[in-house]
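Q: One predicted model, sequence on top.
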Amino acid sequence: MLRRSILPFRPWKFKIPAGFPPTPPSTRSSAAASAAATAEEEVDLSVPSSRSPDREETTKVRVRNPRRFLRDPWVSRLVFCHNLAGRGMIEDLRELLKQMIVDEGSNSSPTLCGILSDNFKGWDCNGLIWDNLANVYAETEMVHDALFVLGKMIDLNIQASILTFDSLMYSLRCTGLLCAPVEVACSENTYNTLIDSLCKQFRLNEAIRLFQEKRGCEFRPCIVTFNNFICCSCNMGYVGLANSFFSMMIKHGFIPNKYSYNTILHGLCGAGLMEEALRYSEDMERYGVEPDVVTYNVLVYGYHLLGMKSEAQKLIQRMVVKGLEPDIVTYTILISGHCRGGDVEEGLVMRQELLSRGFQLNIITYSVLLDCLFKMGRVDGVDWLVEEIRAVGLDLDHIAYSILINGYCRAGDIDRAIQLCRIMYIKKIPPNSYVHGAVLSYLCKREMLSDARWILDKLIESGQLLDVVLYNIVIDGYAKAGDMDDAVGLYEQIFNSGLTPTIVTFNSLIHGFCKSGMLNKARVLLHSLSLHGLSPNAVTYTTLMDAYRGEGNINVIVELLHEMVAKGVAPNVVTYSVIMKGFCEQGQMWVSRKILKDMYDKCISPDQIAYNTLIQGFCEAGNVEMGFFLHDEMLQKGLEPSPVTYNLLFNVLCLHGDLKNADRLLDMLVEKGVKLRKFAYSTVIQAHCIKGNACKAVLYFDKMVKAGFEISIKDYSAVINRLCKRNLLNDAKVFLKMMLRDGIPLDLELYVVMLNASRRQGDHRFEIELQAIIITSGLLCE
DNA sequence: GTAGGGTTAG
């Protein structure tokens, strides 16, 4: 039986969200809807009295429009509810209420409350029904409905039980709808629920204040209170604080349980502090708390974040030895590890293995694979995987949808993305800020800024508290387009919306000012960050450094490097690449070379762009050997040279006329199936044309076509132009034939080039042929 | 208490 509060209803402040309740759908016709105009009549109903619940007695109750009243399914179910309440069958009552609200779904509270207040006023158990209705809505996580019922209870002066408050607060703890407590008598659990609520909303300071104020006199913390503090501290990135709470828990006489250990382990692993995490896991065993699957999963996740695959494998073996079976979370972490390493194939193989062993994957595992397929540019693989998700009977959830929408937007398929948005609405999973962000990014990348702004303004007008990321995306769009007035205007609007800018907001503004040549403004912005409680990061400094590099000011770059290091901001691979480029542009390639070596000492792995920067520096200075040496070094370090690396090498070989090596390299790479850009082929082809070796030019042109590149008139013109310049008209004719055969018509520019060459060589016959071609094409009308 | 999604720099 529910314990009824003896206090008047004045427990907590709740924010009833704007726009709630929504207008009830017209399909929900009920006795309440038409009862207002009808007079009350007395009818006999079999309703047990709460005073003598054992006896079923016929009670006369007054209702409006009795015929309609008894026919209405909602009313008859509520009569039954009263019947159950009167017999003290509270569990059955709650089950029936739950069934009713689950059938009707969210937003059903206005209708239900309407029926209750219009038809059951004065019934013996009515208060109990209201209280349980609020309670069941809260337990079913329909918090807006629960709040609506409570609001009506206040209006009708019906008391709510403490259990209902606790249940509601528990449901509200993640929503931000729960405010500070006012004068109230609390159950044992109330403060713990409120601390949990504040922690879930990342309001750690308030939670700590409440803990300090109320501890001892008004409530006694329990182990869950401390676990909540540990969890919140970890989630907010304060692992040190989490450690303190862990110690405090022990000082209060609590023995940490597996939840305490797993929570702190998760915090430590997430922060990359594996050694400390392992120490905790050893302590755990020492104090008799047996590690479970979650413990191992958390540790495996820690290794996964550090990219330590073999350690993760060892841990899984240990887990199996201890008799624990890896579960779907373990496998998802492993699949995610393969995906993060760029090996989606391995992830898919693992999925296949699991399926063959009869293992059911869930939507999270599939989401990891979908996201990776998009990031690897494997959009083709997405369709069949989505098909598989449907075939195994899984529904896409909001994250899976946002992965798909983001992926399609990035792949440029906006139609597909919008189609999915529509499906989300139909499925009642309204697109959230991740989805809005994907569409805004799509528009901004295509400089469709007025469209992006229109959408953002509509979202702002809708009155929802927007995510600052959405502002950041559009501000960055303006900054990249050099429109700093609008960028700054939108930045100011962030404050009007009650939000605060982030470091990303400022980085975009700094980038914009740099791009617009206002480096001083950018630097002022850097130093104003602290006023907003923000600290510059590697992106901030790197953006500024790159701007000064553009001005050839290596001194300021070095100054900024010192400043960032002094402020504890670690330079990353992008920072070093910019600095290397700066030195290379000053002709100091060997300084850059030293920086690259230093990166290894600092455990920052140079990537392809870092190597390409240095290779470009040496190649432009004419040091071909060093270019190739660095290429070899990349291979030694297990770094696959990128198409840009090869562009640089082919370019330098051709510039130096070393076509022998250029051919050799091209043949070797084609044979090895290395992916090259068209630039690599056309550089070699053109170099052969310049040298007058048309045969080789034809040979590599053919290879370029076979490599699957789309060939345009520009490619033919480049070759024909060069051959004509060397008066190799017959070879130029070969390419012209190939071009016409490929269905590419002659244009006026190329016609003039070839006409002049044929006139120079007195090839009148070809002159006439050319004129015939050009007239047939309709380009020469006169 | 464990696994999945968006914005910024070369």
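A: Yep, it's here.

Q: For the residue nearest to residue A:742 when sequence neighbours are not counted, give me its contacts.
A: In this structure, residue A:742 finds its nearest non-sequential neighbour in residue A:711, 6.7 Å apart by Cβ to Cβ, 6 or more residues apart in numbering. (Each C-beta comes from the backbone N, C-alpha and C, glycine too.) Contact partners of residue A:711, counting by Cβ atoms under 8 Å, 6 or more residues apart in numbering, are A:704-705, A:742, A:744.

Q: Equivalent analysis for residue A:258, please.
A: Residue A:258 makes contact with A:284, A:289-292, A:294-295, according to Cβ under 8 Å, 6+ apart.

Q: can you map out the strands along the stretch 1-150 of chain A?
A: Using DSSP state E, counting those that start in this stretch, the strands of the stretch 1-150 of chain A run over A:12-14, A:40-46, A:58-64.

Q: would you list the contacts of residue A:711 in CSV and tack on neighbour count and secondary structure?
A: Converted to CSV, those look like this (neighbours: other Cβ atoms under 10 Å; DSSP: H, G, I helix; E, B strand; the rest coil):
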residue, neighbour count, secondary structure
A:704, 21, helix
A:705, 15, helix
A:742, 12, coil
A:744, 18, coil
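
Q: where does the stretch 1-150 of chain A dip in pLDDT?
A: A:1-71 (pLDDT under 70).

Q: That one against DNA strand B: which residues are in contact?
A: Within the stretch 1-150 of chain A, no position lies close to DNA strand B (Cβ under 7 Å from any atom of the strand).

Q: For DNA strand B, what's its nearest residue on the stretch 1-150 of chain A.
A: Relative to DNA strand B, the nearest point of the stretch 1-150 of chain A is residue A:141 (14.6 Å; Cβ to the nearest atom of the strand).

Q: Show the model's pLDDT score for the single nearest residue of the stretch 51-200 of chain A relative to DNA strand B.
A: Nearest residue of the stretch 51-200 of chain A to DNA strand B: residue A:200, at 8.4 Å (Cβ to the nearest atom of the strand). Residue-level confidence at residue A:200 comes out at 80, pLDDT.

Q: Give me the number of neighbouring residues for it.
A: Around residue A:200 there are 20 other residues, counting by other Cβ atoms under 10 Å.

Q: Show the buried residues in the contacts of residue A:258.
A: Buried by 16 or more other Cβ atoms under 10 Å: A:284, A:289, A:291, A:294-295, out of those.

Q: so which of those residues are also by DNA strand B?
A: A:294-295.

Q: Nearest to DNA strand B among the buried ones among the contacts of residue A:258?
A: Checking the buried ones among the contacts of residue A:258 one by one against DNA strand B (Cβ to the nearest atom of the strand), the nearest turns out to be residue A:294, at 3.2 Å.

Q: I'd say that closest one and residue A:262 touch.
A: Yes - taking Cβ atoms under 8 Å as the definition, residue A:294 is a contact partner of residue A:262 at 4.9 Å.

Q: Next, the residue nearest to residue A:208 when sequence neighbours are not counted: secondary structure please.
A: Leaving out its chain neighbours, the residue that sits closest to residue A:208 by Cβ to Cβ, 6+ apart is residue A:229, at 7.6 Å. Counting by DSSP: H, G, I helix; E, B strand; the rest coil, the backbone at residue A:229 sits in helix.

Q: Neighbours of residue A:581, how many?
A: Residues near residue A:581, counting by other Cβ under 10 Å, number 23.

Q: so which helix or strand takes in it?
A: helix A:573-585 (DSSP states H and E).

Q: any idea of the mean pLDDT in that helix?
A: For helix A:573-585, mean pLDDT rounds to 98.

Q: now stretch A:344-352
A: For stretch A:344-352, the per-residue pLDDT averages 95.

Q: Can you give the contact residues for it?
A: A:331, A:334-336, A:338-339, A:361, A:365, A:368-369, A:372-373, A:376, A:378, A:381.

Q: got the contact list for the closest residue in space to residue A:591 that isn't next to it in sequence?
A: Closest residue to residue A:591 apart from its sequence neighbours, by Cβ to Cβ, 6+ apart: residue A:583 at 4.5 Å. By Cβ under 8 Å, 6+ apart, the residues touching residue A:583 are A:554, A:589, A:591-592, A:595, A:617.
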